[in-house]
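Student: Provided below for reference: sequence and predicted model.
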Amino acid sequence: MAGVESITNAIIEEARENSEKIIADARSKADSIIKDAETASAEIIHEAEEKARKASADHKERVSSQKDRKRREAILTGKQEAISHVIDLTFERLKDLDDDAYFAMIEKLAGKNIQPGKGEILFSEKDLKRLPEGFTEKLQEMASDAGGELSLSSDTAPIESGFILRYGGIDLNLSLSAIFHEKRAKLQDTARAALFD
């Protein structure tokens, strides 16, 4: 029986050695897998951190850009409001000039727009009532110098200030509101230059 026992011990010993080798190989493979997984997870974490840093930097840049844009828009809006206020204030001051200054302005405006030919000038009811003495004669003289005739219409113009020149059924609206409306872009440029340049 000693031979059987020795064979059994040899088989057991061989099995034990094989199992230890299998366990050692398994441990080695497990360690390799764990090491590879740790390396891969470190790379994934690094990439995620880089993406997060880039996303954060991009977000900060977008927020900063939006803040700058909103600041510029607010400044532009403020400037536009200031310019509109200056234009509106100028318009009101021109309408409220004393009679001498107001009609001196009207005379210059008429002088630049009187045309050759027969025409008439229409004023608002308010202005018609306060025409200075001799003003109509000055207008007629300017028209004569331009090679035309100009008479004062008995009709009133539906305007607040300024006048309308009528030649052959064609009206030239020279009311202050029409002039300001037509020249608003140029007035805005002038006001912008005076206020902000």
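Tutor: Cool, the structure landed.
Student: so what's Lys79 up against?
Tutor: 192, 195-196 (Cβ atoms under 8 Å, 6 or more residues apart in numbering). In this view, the C-beta of every residue, glycine as well, is placed from N, C-alpha and C.
Student: helix, strand or coil for Pro158?
Tutor: coil (DSSP: H, G, I helix; E, B strand; the rest coil).
Student: what about the residue most central in space within the chain, distance to Lys95?
Tutor: Taking Cα atoms, centre = their mean as the criterion, Glu73 is the residue nearest the geometric centre of the chain, at 5.4 Å. Using Cβ to Cβ, to the nearest Å, Glu73 is found at 33 Å from Lys95.
Student: what's the closest of the contacts of Lys79 to Ala185?
Tutor: Proximity of the contacts of Lys79 to Ala185 (Cβ to Cβ) peaks at Arg192, which lies at 10.5 Å.
Student: what about that closest one, how many neighbours?
Tutor: 15 (other Cβ atoms under 10 Å).
Student: pull the contacting residues for it.
Tutor: So Arg192 contacts 79, 83 (Cβ under 8 Å, 6+ apart).
Student: change it to 10 Å
Tutor: For Arg192, the contact set (Cβ atoms under 10 Å, 6 or more residues apart in numbering) comprises 79-80, 82-83, 86.
Student: who wins on neighbours among the residues you listed?
Tutor: For these, neighbours tallied by other Cβ under 10 Å; top is Ile83, 20 neighbours.
Student: any figure for the gap between that one and Arg184?
Tutor: 10 Å.
Student: cool, Phe135 as well?
Tutor: 29 Å.
Student: any idea which helix or strand comes after the longest helix along the chain?
Tutor: As assigned by DSSP state H, the longest helix anywhere in the chain is helix 2-95. Downstream of helix 2-95, the first helix or strand assigned by DSSP states H and E is helix 99-113.
Student: put the alpha carbons of the next helix or strand after that following helix into PDB.
Tutor: Where DSSP H and E defines the elements, the next helix or strand beyond helix 99-113 is strand 117-123. Only the C-alpha atoms of strand 117-123 are listed here, as PDB (Å, rounded to 0.1, in the frame of the first residue of the first chain):
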ATOM      1  CA  GLY A 117     -42.500 131.200 -60.600                       C
ATOM      2  CA  LYS A 118     -45.800 132.200 -59.000                       C
ATOM      3  CA  GLY A 119     -46.400 130.800 -55.500                       C
ATOM      4  CA  GLU A 120     -47.900 131.300 -52.200                       C
ATOM      5  CA  ILE A 121     -46.800 130.800 -48.600                       C
ATOM      6  CA  LEU A 122     -49.100 129.300 -45.900                       C
ATOM      7  CA  PHE A 123     -48.500 129.700 -42.200                       C
END
